[in-house]
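Asker: sharing a model that was predicted from the sequence below.
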Amino acid sequence: MTPLIQIDALSKRFRSGGGLLSRPRTMLAVRDVSLSIGKGEVVGVVGESGCGKSTLARLVLRLIEPTTGSITFDGTEVTTLPPAALRQLRRRIAMVFQDPYSSLDPRYTLAQVLAEPYQVQRQKLPAESVAEMLSAVGLPEGLAQSHPHQLSGGQRQRVGIARALAMRPDFVVLDEPTASLDVSIQAQIIALLEDLRDRMGLTYLFISHDLGLVRYFCDRIVVMYLGAVVEVLPEPRAAPRHPYTVALIQSGFVPDPAKRRDLTPLQGEIPSPFALPPGCAFASRCGFASSRCRTETPKLSQDSTHPVACHHPL
Amino acid sequence: MTALLELSEVNVAIGTTALLDRISLRVDKGQILGLVGESGSGKSLTATAAMGLLPLIGGRVTAGTVRFDGQDLAAMTDRQRRALRGRRIGFVSQNPMTALDPVQRIGEQVDVVSRLHLGLSRQAARTRTLDLLTQLRIPEAAAVAESWPHQLSGGMKQRIVIAMALAGDPDLIIADEPTTALDVTVQAQIIQILGALVRDRGLALLLITHDMGVVAQVCDRVTVLYAGRVAEEGPVGPIFAAPAHPYTAALIGCIPQEGMEKGALKGIPGTVPSALAFPSGCRFGPRCARADAACQQVPQLRSRGQGLVACHHAEDGA
């Protein structure tokens, strides 16, 4: 099966600072990431703040330009696409943003929010369409003339999803769509996304820091640490092999006091991406690290169905 | 035994809008009470009432009493209440990014608490600050004390806020969603730190959260709020094993769990009603699968097992 999206050796370098007296610093927010996503698949990307997962999401949509690497969408190379063709392509790829409070224009009515994709694509908004879009995400049609400030966080995120789906895309990038919501509303939104995937045959790239949620929602899970992929779980319940993935799983709490853990949380903090240590980036926080880990950077194993970048996989 | 913090049938209103209705809860020394519910259920308002800070937001207690260590907050002077906060009650807020003054060094912000409340000298206060930072496992405490808030990560800032809450040597800590803004790995660190503080220092902790996973991990008892009323209360063991209130069960069901089938996560339909339009009868009724004609009557809090529940159909589940 040919994948819908094929990402090859994608990297993004950011420059920071640089003034009269200081030299600019650079960091690799995304390092040599390769990933293919089949049609209908839900792929999760997890990692802590600063691991590059949101940068990856933006690269995939070409909201920012990659430094090196390629992205192919349904056979088309995205990274070199001229603007007009890129706009055409964006009918087929969409994004739901993390913060439903800042991703909707406060001066727009919901009808205007939902009409905007049509304006961008220079298409006529079909009559009835706004009402249909609202009801597809479980909102009453009567909200069409409301403004975002009149809605709750969960309702706003439903509008964000409706807008992303306006052009009937094939592929949707979900960048922590539930991070700012209550758990009860998070569960509603996840149920809605599952339902929409089944009804519209969508393919998702789901970005999150919550491994428990990703393991529930996704078919395959990519774990990132400091810009690089450290493990790909071929299915959500696969036993983790990278110590970082194990730590992520152990950081989640089970809603059962009988399964209370003796917490041994991951100590320390992510090293600064501007001054990466040599060797494995996780070595400073890893209980299994050896001297080899501090000198030699582990490569993501390509031979198996369960790739892991670790000298001492479990 | 007198509770360290006890709210008895507290009603709170802002202007003419009644927001909290007969809220009762107690926290004892060495105990962690989880206060859970969705946004808008009244958790933070309850904490505000417990600290006697309602006037700041234009609110007031219209009935019931708030007692700290046996003393009625309403009978105290402003000065006495002010002395309580920071000294005997420490507060950890939700967002460590806004809880710290961006133009003051970290150390000075922690120092001021013990200088003000314990009357320590500049030097003694700094020694105490460095001590606290070390206890909270902040590496290179002296360097951190000299740094500015923007130089620290979210998890590190939250530890500083906890240090500030501890600096006055309080008996009670009120933590309002202390981990919501943090990564899961950092959340685990902060929860572990809070749990250890209660164990090692015999503190009492009122932990406000919307995450039943956090409650299951650290709390001894839990009080579930819905739309300004107590829905259920009791020790965590029985409540998680057999939640009596459908709302409690629904909150637990919102956490994705190992082995959960796809499609099993449903959430709770609808949203918490606004205080301007609380439904009559059981306020959870419109969102509840068990609701029937009986739910037109307000359910009274009654004892069940080792706890309390306010539901006409508490026995229908399980």
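Answerer: Looks like it arrived, so ask away.
Asker: which residues in the stretch 201-314 of chain A form helices?
Answerer: Taking DSSP state H, counting those that start in this stretch, the helices of the stretch 201-314 of chain A run over residues A:211-217, A:243-251.
Asker: ok, the closest residue to B:Ile255 other than its chain neighbours - contacts?
Answerer: Leaving out its chain neighbours, the residue that sits closest to B:Ile255 by C-beta to C-beta, 6 or more residues apart in numbering or on different chains is A:Pro255, at 4.5 Å. Every C-beta, even on glycine, is put in place using the N, C-alpha and C of the backbone. Applying C-beta atoms under 8 Å, 6 or more residues apart in numbering or on different chains, we find A:Pro255 in contact with B:Met212, B:Gly213, B:Val215, B:Ala216, B:Phe240, B:Ile252, B:Ile255, B:Gln257.
Asker: OK, contacts around the closest residue to the fifth one other than its chain neighbours?
Answerer: Put plainly, it is B:Phe240. Sequence neighbours aside, A:Pro257 is the residue nearest to B:Phe240 in space, at 5.3 Å (criterion: C-beta to C-beta, 6+ apart). A:Pro257 is in contact with B:Ala216, B:Gln217, B:Val236, B:Gly237, B:Phe240, counting by C-beta under 8 Å, 6+ apart.
Asker: pLDDT at A:Thr264, what is it?
Answerer: Looking at A:Thr264, its pLDDT stands at 69.
Asker: now the residue nearest to B:Ile255, what are its backbone angles?
Answerer: The phi/psi pair for A:Pro255 (degrees, to the nearest 10) reads phi -80, psi 60.
Asker: what about it, distance to A:Lys124?
Answerer: 49 Å (C-beta to C-beta, to the nearest Å).
Asker: next: B:Ala204.
Answerer: Here B:Ala204 is placed at a distance of 63 Å from A:Lys124 (C-beta to C-beta).
Asker: of those two, who's got more company?
Answerer: Comparing B:Ala204 with A:Lys124 by other C-beta atoms under 10 Å in any protein chain shown, the one with more neighbours is B:Ala204, at 23 against 10.
Asker: shouldn't the more buried one be in contact with B:Leu25?
Answerer: No. Counting by C-beta atoms under 8 Å, B:Ala204 does not reach B:Leu25; the two are 11.7 Å apart.
Asker: how about the secondary structure of the residue most central in space within chain B?
Answerer: Nearest residue to the geometric centre of chain B (C-alpha atoms, centre = their mean): B:Ile208, 2.5 Å. Per DSSP: H, G, I helix; E, B strand; the rest coil, the secondary structure class of B:Ile208 is strand.
Asker: do I have it right that it meets B:Thr180?
Answerer: No. Using C-beta under 8 Å, B:Ile208 is not in contact with B:Thr180; the gap is 9.6 Å.
Asker: now the helix or strand of chain B with the lowest mean pLDDT, how far from the centre of its chain.
Answerer: Of all helical and strand segments in chain B, the minimum by mean pLDDT, DSSP states H and E falls on helix B:96-99, at a mean of 85. Averaging C-alpha positions (C-alpha atoms, centre = their mean, to the nearest Å) puts helix B:96-99 17 Å from its chain's average.
Asker: that helix close to chain A?
Answerer: No. Helix B:96-99 is not in contact with chain A by C-beta under 8 Å from any C-beta of the partner chain; minimum separation 12.1 Å.
Asker: what is that helix packed up against?
Answerer: helix B:154-167 (3 or more C-beta pairs under 8 Å, 6 or more residues apart in numbering or on different chains; DSSP states H and E).
Asker: pull the following helix or strand past the helix it packs on out as PDB, backbone CA atoms only.
Answerer: Following helix B:154-167 in sequence order, the next helix or strand is strand B:172-176 (DSSP states H and E). What follows is strand B:172-176 as a C-alpha-only set of coordinates in PDB (Å, rounded to 0.1, in the frame of the first residue of the first chain):
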ATOM      1  CA  LEU B 172      -2.400  23.600  55.200                       C
ATOM      2  CA  ILE B 173      -1.600  23.900  51.600                       C
ATOM      3  CA  ILE B 174      -4.300  24.700  49.100                       C
ATOM      4  CA  ALA B 175      -3.200  23.700  45.600                       C
ATOM      5  CA  ASP B 176      -5.400  24.700  42.700                       C
END
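Asker: now the next helix or strand after strand B:172-176 against helix B:154-167, angle please.
Answerer: Reading on from strand B:172-176 to the C-terminus, the next helix or strand found by DSSP H and E is helix B:184-201. Put simply, helix B:184-201 runs at 20 degrees to helix B:154-167, going by axes from the mean of the first three to the mean of the last three C-alpha atoms, to 10 degrees.
Asker: for helix B:184-201, buried residues please.
Answerer: By neighbour count with 16 or more other C-beta atoms under 10 Å in any protein chain shown, helix B:184-201 contains the buried residues B:184-195, B:197-198, B:201.
Asker: got the angle between that helix and strand B:172-176?
Answerer: Using the same axes, to 10 degrees, helix B:184-201 lies at 170 degrees relative to strand B:172-176.
Asker: pretty sure B:Leu308 sits in a strand.
Answerer: Yes. Remark: B:Leu308 belongs to a strand, assigned using three-state DSSP.
Asker: list the contacts of it.
Answerer: Applying C-beta under 8 Å, 6+ apart, we find B:Leu308 in contact with B:Val230, B:Glu232, B:Glu233, B:Gly234, B:Leu301, B:Arg302.
Asker: how much space between it and B:Arg22?
Answerer: Taking C-beta to C-beta, one finds B:Leu308 at 12 Å from B:Arg22.
Asker: B:Phe284 now?
Answerer: 15 Å.
Asker: same question, B:Ala167
Answerer: Going from B:Ala167 to B:Arg22 by C-beta to C-beta gives 35 Å.
Asker: out of those two, which sits in the busier spot?
Answerer: Neighbour totals were compared for B:Ala167 and B:Arg22, and B:Ala167 leads with 27 against 18 (other C-beta under 10 Å).
Asker: how about the strands in the stretch 1-150 of chain A?
Answerer: A:5-16, A:25-37, A:42-46, A:68-73, A:76-77, A:93-96 (DSSP state E, counting those that start in this stretch).
Asker: helices and strands around the second one, which ones?
Answerer: In other words, strand A:25-37. Going by 3+ C-beta pairs under 8 Å, 6+ apart, strand A:25-37 lies up against strand A:5-16, helix A:53-60, strand A:228-233.
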